[in-house]
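Visitor: Prediction below, plus the sequence it came from.
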Amino acid sequence: MNGIIIYQGKYGATRQYAHWLGETLQMPVSKVENVTPAVLALYDTIVIGSSVYIGRLVLRDWLKENDIRLKDKKLFIFIVCSFAVNDMTQQREIIKNNLGTKIKDVAEIFFLPGRCVVSGLSCKDRLMLKLGAWIEKDPEKKSVMRNGFDHLERSNLKPLIENIHRMADD
């Protein structure tokens, strides 16, 4: 399989998933800032990982800039987030607000649970999370926003890996 894994995250969960994928699929892994159009042209299969920050993919602008280069590739996108993993409404919103039509039409998209270690957040992000928890009505979400969570597990990648192998065999 001629592929590459490209990622960008904020606090490390996306990087961890990208490296686990790289080990499993034996593909090179690269932070997005190291990927040029020439690098993209070298690969048939592109796996892209992005975290969500305040409803926005960290790689949103990069994806839009490269949609033409990506539209003819075997394209997989994994999105690392908190609540959207099991919430189809939030998933649709994230996809609608962050992915252009060209990419939406060709990409296999997977939502993966991440982690939030409150003590490891920047002061600004901690403050924003506190404010968000203050206005959140759902007690479970409120608790998670106050205390953090860690759902980062290698096994979360299984459906993505199976789909990549299936596409590679086609």
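Guide: Sure thing, it's come through.

Visitor: State the helix or strand in which the nearest residue to G9 once chain neighbours are set aside lies.
Guide: Counting by CB to CB, 6 or more residues apart in numbering, S51 is the residue found nearest to G9 once chain neighbours are left out, at 4.0 Å. Backbone N, C-alpha and C define where each C-beta goes, glycine included. Element membership of S51 [criterion: DSSP states H and E] is strand 45-53.

Visitor: Now do that strand: which elements does it pack against?
Guide: strand 3-8, helix 13-25, helix 60-65, strand 74-81, helix 158-169 (3 or more CB pairs under 8 Å, 6 or more residues apart in numbering; DSSP states H and E).

Visitor: how deep is C116 tucked in, by neighbour count?
Guide: 18 (other CB atoms under 10 Å).

Visitor: And the most centrally placed residue in the chain, how close does it get to R69?
Guide: By CA atoms, centre = their mean, the chain has its centre lying nearest to I79, at 2.4 Å. Distance, I79 to R69, by CB to CB, to the nearest Å: 20 Å.

Visitor: I4 too?
Guide: Taking CB to CB, one finds I4 at 12 Å from R69.

Visitor: Which one's more surrounded, the two?
Guide: Legend: neighbour count by other CB under 10 Å for I4 and R69, higher for I4 (21 against 13).
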